[in-house]
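# following is a predicted model, sequence given first.
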Amino acid sequence: MGSQHILLGTKRGLVKPSAGYGIVRIAEESKRLARLWRENRTLPPSWRSSWHWRLLDNGFLQLAARDPRLPMALLERVMGAIPLAQSLRFIDEELPLGQFAPLLRSASPVVFGKQ
């Protein structure tokens, strides 16, 4: 990659590994980068989610590696236990930490094999 390239999507860290979801992040980051470029400002390095989101994502992927059926069971429990708006905020990594308790309670039986 030369200095003429701007990374987007997966290569910029904008796609959530456990979901393959990234369209909103890519659109928002593209707008932000375009604004910075128009203003002749330095473009920032690749985006990274915070450590707690990366930890959850890695755990979800490890769950899938352990048993490919578990991610769907987990999603079914979580989506049934918390409101849809909260579920979507979780996927977008916009759910405040204070709202994690119901999500974790609903996920724990699947994660710990006590379905």
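Nice, thanks for sending it over. Numbering: from 1, shown residues only.
# what average pLDDT does the helix or strand containing residue 57 get?
Per DSSP states H and E, residue 57 falls inside helix 51-66. On average, the pLDDT along helix 51-66 is 82.
# who's in contact with that helix?
Helix 51-66 has contacts (CB atoms under 8 Å, 6 or more residues apart in numbering) with 16-18, 48-49, 70-71, 74, 93, 97, 110-111. Placement of C-beta: from N, CA and C, glycine included.
# and after it, which helix or strand comes next?
helix 70-81.
# follow-up on the earlier one: how about the helix holding residue 57: buried residues?
56-57, 60, 63 (16 or more other CB atoms under 10 Å).
# pLDDT weak spots in this structure?
Regions of the chain meeting the criterion pLDDT under 70 cover residues 1-4, 47, 114-115.
# and the helices in it?
23-38, 51-66, 70-81, 84-91, 100-111 (DSSP state H).
# ok and the second one relative to helix 84-91, angle-wise?
So that's helix 51-66. 90 degrees (axes from the mean of the first three to the mean of the last three CA atoms, to 10 degrees).
# roughly how far is helix 51-66 from the heart of the chain?
On the basis of CA atoms, centre = their mean, to the nearest Å, helix 51-66 sits 10 Å off its chain's mean C-alpha point.
# what angle do that helix and helix 100-111 make?
20 degrees.
# so helix 51-66 versus helix 70-81, what angle?
Going by the same axes, to 10 degrees, helix 51-66 makes 130 degrees with helix 70-81.
# in a markdown table, list the buried residues of helix 51-66 along with distance to residue 89.
Below are those laid out as a markdown table (distance: CB to CB, whole Å):
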| residue | distance to residue 89 |
| --- | --- |
| 56 | 13 |
| 57 | 15 |
| 60 | 16 |
| 63 | 21 |
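# could you find the residue nearest the spatial middle of this structure?
Central residue of the chain (CA atoms, centre = their mean): residue 16, 4.0 Å from the mean position.
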